[in-house]
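Colleague: coordinates only, sequence not included:
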């Protein structure tokens, strides 16, 4: 199971997924720096991008630039919006996200947003890695030592899910325990807080509000603050749309208020 969970990124590099990326445009042509093209089509959009997104949003103190990069990558991969990925992958690396962490972000999102979305992100990442001379020695190993597991909490989670759904979908219950929570979440190349940040961002970006309560509580247990949780919604409004941000807001509000009592 661990081999299955971890090999997503390396397999695509081996089979040269970058060839697919060659059918599209280059990183420079994909990024927000195409301000002239945007201005020729939607001048107000170019102004919002320059003044609000780049000039204000990314400079707000509520989330670090590294966190904003992680949130943005999660949203783009989750929504299968690959045209902007090269720009934001480069920005993430510039903001301190390590190549191994990007590899793990894509692998993690395969489980939370679908295998195809993760695969679609591979060509852009491969192209960026090649341009920056990032090799296999900077990628996470397929397997190795794991983070420690809170056995009591995991047993409680597994029992609850098994009682609810074990008779209906035993395969889902089994894979959730064996692959997600006893394997993927224990891979050390991403801190638990970062995995939670990625997961919550992907849930908000795809409108999967039913899962937000559990994963936001887990995120805050892993160190995400209430201020960061609120700022995450403001950031994702631009990258996933206002409806998704506001659909998630009541669930975020409920979690924060209950934890403050």
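Modeller: Everything's here; your move. Fair warning: this is a prediction, and the values are worked out from it, not measured in the lab. Residues are numbered from 1 along each chain as shown.
Colleague: hmm, which helix or strand of the chain has the shakiest average pLDDT?
Modeller: The helix or strand with the lowest mean pLDDT-type score in the chain, counting by mean pLDDT, DSSP states H and E, is helix 18-21 (a mean of 38).
Colleague: Now do the strands in this protein.
Modeller: Taking DSSP state E to define them, one finds no strands in the chain.
Colleague: contacting residues for residue 85?
Modeller: By CB atoms under 8 Å, 6 or more residues apart in numbering, residue 85 lies in contact with 30, 73, 76, 77, 121, 124, 125. From N, CA and C alone the C-beta is placed, and that goes for glycine too.
Colleague: What's the separation between residue 261 and residue 212?
Modeller: The spacing between residue 261 and residue 212, counted by CB to CB, to the nearest Å, is 19 Å.
Colleague: Hmm, I typed the wrong one, I wanted residue 82.
Modeller: As judged by CB to CB, residue 82 and residue 212 stand 25 Å apart.
Colleague: From the contacts of residue 85, which land in helices?
Modeller: Judged by DSSP state H, the contacts of residue 85 include 30, 73, 76, 77, 121, 124, 125 as members of helices.
Colleague: Throw the contacts of residue 85 into TSV and include distance to residue 153, thanks.
Modeller: What follows is these, written out as TSV (distance: CB to CB, whole Å):
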residue	distance to residue 153
30	42
73	28
76	31
77	28
121	31
124	36
125	33
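Colleague: where's the dip in pLDDT among those?
Modeller: Least confident by pLDDT among the contacts of residue 85: that is residue 30, with 46.
Colleague: hmm, what's the outermost residue in the chain?
Modeller: Ranked by distance from the centre of the chain (CA atoms, centre = their mean), the top residue is residue 40, with 31.8 Å.
Colleague: low-scoring pLDDT stretches of the stretch 1-150 of the chain, where are they?
Modeller: Applying pLDDT under 70 to the stretch 1-150 of the chain flags the ranges 1-33.
Colleague: was I right about residue 199 contacting residue 113?
Modeller: No. Assessed by CB atoms under 8 Å, residue 199 is found out of contact with residue 113, at 9.5 Å.
Colleague: What is the burial count for residue 169?
Modeller: 12 (other CB atoms under 10 Å).
Colleague: Surely residue 104 and residue 140 touch.
Modeller: Yes. Look at residue 104 against residue 140 with CB under 8 Å: they come within range, at 5.9 Å.
Colleague: In contact with the nearest residue to residue 217 once chain neighbours are set aside, which residues?
Modeller: Nearest in space to residue 217, with sequence neighbours left out and distances taken as CB to CB, 6 or more residues apart in numbering, is residue 255 at 5.8 Å. Going by CB under 8 Å, 6+ apart, residue 255 touches 212, 213, 216, 217, 220, 229.
Colleague: about what we covered before: so for residue 82 and residue 212, which residue has more residues nearby?
Modeller: More crowded of residue 82 and residue 212, by other CB under 10 Å: residue 212, with 22 against 19.
Colleague: residues in contact with the closest residue to the more buried one other than its chain neighbours?
Modeller: Closest residue to residue 212 in three dimensions, ignoring its sequence neighbours and counting by CB to CB, 6+ apart: residue 251, at 4.2 Å. Contact partners of residue 251, counting by CB under 8 Å, 6+ apart, are 209, 212, 213, 216.
Colleague: What's the end-to-end length of stretch 58-68?
Modeller: One end of stretch 58-68 sits 7 Å from the other (CA to CA, to the nearest Å).
Colleague: Can you tell me what sits against that stretch?
Modeller: Here stretch 58-68 has contacts from 57, 71, 92, 95-97, 197, 227-228, 230-232, 234-235, using CB under 8 Å, 6+ apart.
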